[in-house]
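Novice: got a predicted structure here, sequence first:
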Amino acid sequence: MRKDAEKYTKYKKCGATLSSPRMRCPNLGTSYGCDAKPKAGPKGGACYISCMPSTNASTPARRAIPPVPVLSLAAFAGARRAALPSLLDGADVRLVTSGRIAIGLALRALGVGAGDVVLVPAYHSPSMVPPAHWCGADVAFYRVRSDTAPDLADIEAHVAKGNVKAILATHFFGIPHDLAPLRALCDRHGIGLVEDCAHAFFGARDGVAVGSVGDYAIGSTMKFFPVYEGGCLVSRRHRLDVVLHGAGPGFEMKAALNALEAAFAYGRLPVLRMLLALPLRLKSALWHALKSRGTRAGGAGASAAPALAPSSSDSSFEFDARWADKRSSWLSRTVLRAVSPARIVARRRRNYLELQRALDGAPGCRPLFDSLPDGACPWMFPLLVDRPQDVSDALLRAGVPMTRFGATLWPGVDASVCANSADLGRRLIAFPCHQALDDAERAWLHAQARQALEACAAVPA
């Protein structure tokens, strides 16, 4: 790994005090997003700074259709029993505020600490790395194959170097991998396995349910359910010795209002929107008044007030240890119990296959996976694109929601570490296929995606 990247591979120990999580880091002299806080890992300790390129520097364009599931009355209709097993089935479960918090708790349960190494796929979200640093461990990145499956030979090579305490294995985009060979490798070497099911809340591979192979598994409920925040730590192999507490009325209110406002923004729950119109306007006015008063009273150097909700709900990469012992909100837990899992699985599979057919034969692209396995409940529809920047620019102009998963990798992870990860991060565009998309929204998405691909292919590169 390059020297100039090494300082970002672990929390940088320093004594800086920052008044803003987005100011220039005084120690490293960069414009990276910095989050200065006391390290709140199992052993406590000094002040650390996590530095990563900010992904929230600019406000994204308003999406024409919901990028994630939103609340509606239809979400509560349908059978409870899904065609595919759930991550929660038959497991000891703790509902937390995000998947990354669940990763940190899983690693802590495995006894990960200072001097240990956690192996993370080279194709990843940068949010997967800080939980290991929170435990005091170092992170190494193993190669993945072109279909995102783990490269067992490269994992063996890392294990041979010593100190590997845990391995994180991810079912990318909701397509379950066969983790039996990796499970056997971990058992031979006494290594803990964390099954990352953030993209795969439902599913099975060869009859083996997602989340059942790892010592612990984690999920991201807000990727599959119409909630503002949420994740889960589960285990079918160990009792969870994790005690969670409520995060307070401010968090509960924010989680509920944000979920409702997301639904209202896309035309769902119109009667409830009308009934709550005045209270929501008063809430907004009061919130702006309080923020203005705080700015005037505190001045530029005043420290920011503690966040009412984790930054993970707003797509940041940060790990805030203050949320490690907080349970998911009442509304999120209630929605998980009340909505129809069968509807989620059936509609996501249908929407994925419809989009695949709509883009069949479109120029300059191909699906990452040739087919949707019977045991998969997809998170999104991943497409490999020959001219990804041109196509993504066209999609953004049209207001099409999409995710370029892996486009930002942890500093120092590039083609020299894993050529497949670099290629996936550069070329892949993922489209929503969630259960909340109605007929008109899906038809619009199909037309806009195909139009962007055809328009870019018609212009010489």
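Specialist: Now that the structure is in, tell me what you want to look at. Numbering: from 1, shown residues only.
Novice: now do the SS call for residue 286.
Specialist: With DSSP: H, G, I helix; E, B strand; the rest coil as the basis, residue 286 sits in helix.
Novice: can you get me a residue count around it?
Specialist: 10 (other C-beta atoms under 10 Å). For every residue, glycine as well, the C-beta is placed using N, CA and C.
Novice: what's the distance between it and residue 427?
Specialist: To residue 427, residue 286 is 46 Å away according to C-beta to C-beta, to the nearest Å.
Novice: now do residue 77
Specialist: 38 Å.
Novice: how about the nearest residue to residue 262 once chain neighbours are set aside, secondary structure?
Specialist: Leaving aside its chain neighbours, residue 262 sits nearest to residue 70 (5.0 Å; criterion: C-beta to C-beta, 6 or more residues apart in numbering). Assigned with three-state DSSP, residue 70 falls in the coil class.
Novice: correct me, but residue 70 touches residue 436?
Specialist: Yes. Using C-beta atoms under 8 Å, residue 70 is in contact with residue 436, at 5.1 Å.
Novice: need the overlap of contacts for those two.
Specialist: 226, 268 (C-beta atoms under 8 Å, 6 or more residues apart in numbering).
Novice: so which of residue 77 and residue 427 has more stuff around it?
Specialist: residue 427 (22 against 10).
Novice: who touches that one in this structure?
Specialist: 384, 385, 386, 388.
Novice: ChimeraX command for the buried members of these?
Specialist: This is how ChimeraX selects the buried members of the contacts of residue 427, with burial counted by 16 or more other C-beta atoms under 10 Å:
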select :384,385,388
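Novice: columns secondary structure and pLDDT on top of the contacts of residue 427, output as CSV?
Specialist: Shown next, in CSV, are the contacts of residue 427 (DSSP: H, G, I helix; E, B strand; the rest coil; pLDDT from 0 to 100):
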residue, secondary structure, pLDDT
384, strand, 98
385, strand, 98
386, coil, 97
388, helix, 97
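Novice: quick check, nearest of the contacts of residue 427 to residue 307?
Specialist: residue 388 (32.9 Å; C-beta to C-beta).
Novice: now that closest one: closest residue in space that isn't a chain neighbour?
Specialist: Nearest non-adjacent residue to residue 388, counting by C-beta to C-beta, 6+ apart: residue 427, 5.1 Å away.
Novice: can you give the domain ranges for this structure?
Specialist: 1-54, 341-457 (automatic domain parsing).
Novice: what's the mean pLDDT across the first one?
Specialist: Which is domain 1-54. Averaged over domain 1-54, pLDDT sits at 35.
Novice: with stretch 392-412 instead?
Specialist: For stretch 392-412, the mean per-residue pLDDT is 96.
Novice: first-to-last residue distance for that stretch?
Specialist: Terminal residues of stretch 392-412 lie 25 Å apart, using C-alpha to C-alpha, to the nearest Å.
Novice: centre of the chain to it, how far?
Specialist: Averaged C-alpha coordinates place stretch 392-412 at 14 Å from its chain's average position (C-alpha atoms, centre = their mean, to the nearest Å).
Novice: same question, stretch 201-215
Specialist: The answer for stretch 201-215 is 19 Å, by C-alpha atoms, centre = their mean.
Novice: buried stuff in it?
Specialist: 201-205, 208-215.
Novice: OK, contacts around residue 85?
Specialist: 202, 203, 204, 209, 210.
Novice: what's the neighbour count on the closest residue to residue 151 other than its chain neighbours?
Specialist: In space, and not counting its chain neighbours, residue 151 is closest to residue 143: 4.1 Å by C-beta to C-beta, 6+ apart. Residues lying near residue 143 (other C-beta under 10 Å) number 20.
Novice: quick check, residue 143 in contact with residue 420.
Specialist: Yes. Using C-beta under 8 Å, residue 143 is in contact with residue 420, at 6.8 Å.
Novice: give me the common contacts of the two.
Specialist: Common contacts of residue 143 and residue 420 (C-beta under 8 Å, 6+ apart): residue 122.
Novice: and the pLDDT for the nearest residue to residue 362 once chain neighbours are set aside?
Specialist: Leaving aside its chain neighbours, residue 362 sits nearest to residue 453 (4.5 Å; criterion: C-beta to C-beta, 6+ apart). The model reports residue 453 with a pLDDT of 98.
Novice: and what of the one 3 residues further on?
Specialist: Per-residue confidence at residue 456 stands at 96 (pLDDT).
Novice: related to what we said a few turns ago, from the contacts of residue 85, which ones fall inside helices?
Specialist: Using DSSP state H, no member of those falls in helices.
Novice: low-confidence ranges, the stretch 251-400 of the chain, go.
Specialist: Within the stretch 251-400 of the chain, the stretches with pLDDT under 70 are 287, 290-306, 309, 311-316.
Novice: again, only this time at 80
Specialist: 279-318 (pLDDT under 80).
Novice: tell me where the stretch 1-150 of the chain has strands.
Specialist: Ranges of strands in the stretch 1-150 of the chain, per DSSP state E, counting those that start in this stretch, are 12-13, 33-38, 47-52, 92-96, 117-121, 138-142.
Novice: let me see the ranges of the helices in this protein.
Specialist: Counting by DSSP H, the helices of the chain are 3-6, 99-109, 130-134, 152-160, 180-189, 249-265, 270-298, 330-338, 341-358, 388-398, 419-427, 439-457.
Novice: which strands and helices sit next to the third one?
Specialist: Helices and strands touching helix 130-134, as assessed by 3 or more C-beta pairs under 8 Å, 6 or more residues apart in numbering; DSSP states H and E, comprise strand 47-52, helix 99-109, strand 138-142.
Novice: tell me the phi and psi of residue 408?
Specialist: Backbone torsions for residue 408, taken as degrees, to the nearest 10, come to phi -110, psi 110.
Novice: and it, how many neighbours?
Specialist: For residue 408, the tally of surrounding residues (other C-beta under 10 Å) stands at 17.
Novice: isn't it up against residue 126?
Specialist: Yes. At 6.1 Å, residue 408 counts as touching residue 126 under the criterion of C-beta under 8 Å.
Novice: give me the common contacts of those two.
Specialist: In contact with both residue 408 and residue 126: residue 317, using C-beta under 8 Å, 6+ apart.
Novice: hang on, the residue nearest to residue 362 packs against residue 366?
Specialist: No. Counting by C-beta under 8 Å, residue 453 stays clear of residue 366, with 10.9 Å between them.
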